[in-house]
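> Provide a 3D model corresponding to the input given below.
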Amino acid sequence: MKQKGFTLIELLVVVAIIGILAAVGVVAYSGYTSGAKKSAATSNHQAIVKYITTEALKCSIGESTAMEGKLDCSKSGTATWKDIVAKATVEVLNTNFKNPYDSKPPISHGGNITNDTDVGYNRLRSPGTKIQVITCVKTPCSGTQCSIPNHVCSNDIDLSGL
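Numbers count the residues shown, from 1 in each chain. Alright, predicted model coming up:
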């Protein structure tokens, strides 16, 4: 009499095939999510640069406030203008932006990107009359600012004429 069912070898082959497919799927998914996070961090960086430029221009054309009322345009041209713009940017955008790598606020003023826990964060630095936006988009993040390919750095946003 012939019994119906699968042999142990057939079951082992099926389990091995499922394991191989699962391993390939996990690797592909991991690569997809890391690429999406890098893309989101780069997009955040570009949006911050554009936002600072646009909102500072509002002050130069006669608006009294910008950045949802957080930026007092009457202080334009003062020695601390760049810091005022940077702090207003942080205050407004920390409620609107998310760090794709972490749940902490994604934007800060001052400091450097010094270690791998800084991935996805945007640092606003304000040397001279300029603001610079620095973002680490993937680990490793250590190194001198903008010296490694994992950092995205804006050209200096010059506020001296605004």
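> excluding chain neighbours, give the residue nearest to the most centrally placed residue in the chain in space.
In the chain, the residue lying closest to the centroid (CA atoms, centre = their mean) is Ala41, at 2.9 Å. With sequence-adjacent residues excluded and distances taken as CB to CB, 6 or more residues apart in numbering, Ala41 is closest to Val137, at 4.4 Å. To be clear about C-beta, it is placed using only N, CA and C from the backbone, and glycine gets the same treatment.
> now do the contacts for the residue nearest to the centre of the chain.
Applying CB atoms under 8 Å, 6 or more residues apart in numbering to Ala41 gives the contacts 99-101, 119-120, 135-138, 152.
> how far out from the middle of the chain is the longest helix that the chain contains?
When the chain is parsed with DSSP state H, its longest helix is helix 8-60. Helix 8-60 sits 13 Å away from the centroid of its parent chain (CA atoms, centre = their mean, to the nearest Å).
> show me which of the contacts of Ala41 are buried.
99-101, 119-120, 135-138, 152 (16 or more other CB atoms under 10 Å).
> pLDDT added to these, as TSV?
Formatted as TSV, those follow (pLDDT from 0 to 100):
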residue	pLDDT
Asn99	85
Pro100	87
Tyr101	84
Val119	82
Gly120	84
Thr135	86
Cys136	82
Val137	81
Lys138	77
Val152	78
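> Val13: which of the contacts of Ala41 is nearest?
Relative to Val13, the closest of these is Lys138; by CB to CB it sits at 38.7 Å.
> just checking, the closest one touches Val119?
Yes. Lys138 is within contact range of Val119, at 6.4 Å (criterion: CB atoms under 8 Å).
> returning to what we had before: among the contacts of Ala41, which are in strands?
Counting by DSSP state E, these place 135-136, 152 in strands.
> could I get those residues as JSON lines with distance to Ser60?
Below are the ones in strands among the contacts of Ala41 laid out as JSON lines (distance: CB to CB, whole Å):
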{"residue": "Thr135", "distance to Ser60": "26"}
{"residue": "Cys136", "distance to Ser60": "31"}
{"residue": "Val152", "distance to Ser60": "26"}
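> let me know how buried Glu91 is, in neighbour terms.
15 (other CB atoms under 10 Å).
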